[in-house]
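Asks: show me the folded form of this:
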Amino acid sequence: MDCPIGLCCLTGLFVFIHFYIISMLVSLMNFLITSLRTLVFQNSHEATSHWISQRVSSVVLVPLTVIFMITFVQNIGLGYEQNIMIYKSPTRAFLTFLFISLTLLHFKQGAQVVIEDYIHNNKINKFLLNMNTMFFWGTNFLSCFVLAKIVFEQNWS
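Replies: Below you'll find the model as predicted:
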C-alpha cells in the first residue's frame, strides 16, 4: 500500500481547488443575492425584478456551466458503470443538480417572457404559464430524485 508523495499532493491540491471553487460560488451567490435584494425591494415593478433575476441566473450559470462542461467532456466515452461511479460523489451530484436546476430556472424565465409577450389569448396564456411552471418543477424533482438515488444507492447500499 505504497502511496507516492506526488499522488498525495495531487489529491490534496484537487480537494483544495474543489473547495476553493465552491467557496467562490457561494461568495458570488451571496453578493448577487444582496445586490438583488437591494435592487428589487426598492419599489421596483414586477418586470424589473424579473429582468434582474434573469441576469443573476445568467451570471451564476457561467461558472457552473464551465465546471459542468469540464467534468462532462472528461467523461465522454465512458460506459454506464463508470459514469455512475463518477456521479456517486455527493459534491459532483450536487453541482450537477445545481447546474440543471439553474439552467431550467433560466429557461423558465425566458419562456415566461416569450409567453407573456406573444400569447395574447388569456386562457392560452395562463395554460402555457402553468405548463411552464409544471415542467420546471417536474424536471427539477426528477433530476433531484435521480441524482439522490445514484448517491444513496452507491454510498449506502
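Asks: okay, CA-based contacts and neighbour counts for the rest of this
Replies: Fine.
Asks: helix/strand/coil for Ile76?
Replies: coil (DSSP: H, G, I helix; E, B strand; the rest coil).
Asks: and for it, the neighbour number?
Replies: Look at Ile76: counted by other Cα atoms under 10 Å, it has 9 neighbours.
Asks: likewise Thr133?
Replies: 17.
Asks: so which elements touch the strand or helix carrying Leu147?
Replies: Using DSSP states H and E, Leu147 falls within helix 122-156. In terms of contacts (3 or more Cα pairs under 8 Å, 6 or more residues apart in numbering; DSSP states H and E), helix 122-156 is packed against helix 90-118.
Asks: same question for the helix it packs on, mean pLDDT?
Replies: For helix 90-118, the mean pLDDT works out to 90.
Asks: any buried residues in it, and which?
Replies: Residues of helix 90-118 classed as buried by neighbour count (16 or more other Cα atoms under 10 Å): 90, 92-109, 111-113, 115-116.
Asks: one step back: report the distance from the helix holding Leu147 to the chain centre.
Replies: 13 Å (Cα atoms, centre = their mean, to the nearest Å).
Asks: what stretches of this structure score poorly on pLDDT?
Replies: 1-26, 29-30, 33, 36-46, 157 (pLDDT under 70).
Asks: redo that, cut-off 80
Replies: 1-53, 154-157 (pLDDT under 80).
Asks: what about Ser57, how many neighbours?
Replies: Neighbourhood size, Ser57 [other Cα under 10 Å]: 18.
Asks: list the contacts for it?
Replies: Neighbour list for Ser57: Leu102, Leu105, His106 [criterion: Cα atoms under 8 Å, 6 or more residues apart in numbering].
Asks: please redo it, this time with the cut-off set to 6 Å
Replies: Counting by Cα atoms under 6 Å, 6 or more residues apart in numbering, Ser57 makes contact with nothing.
Asks: what's the first helix or strand after the host helix or strand of it?
Replies: Following DSSP H and E, one finds Ser57 within helix 46-74. Following helix 46-74 in sequence order, the next helix or strand is helix 80-86 (DSSP H and E).
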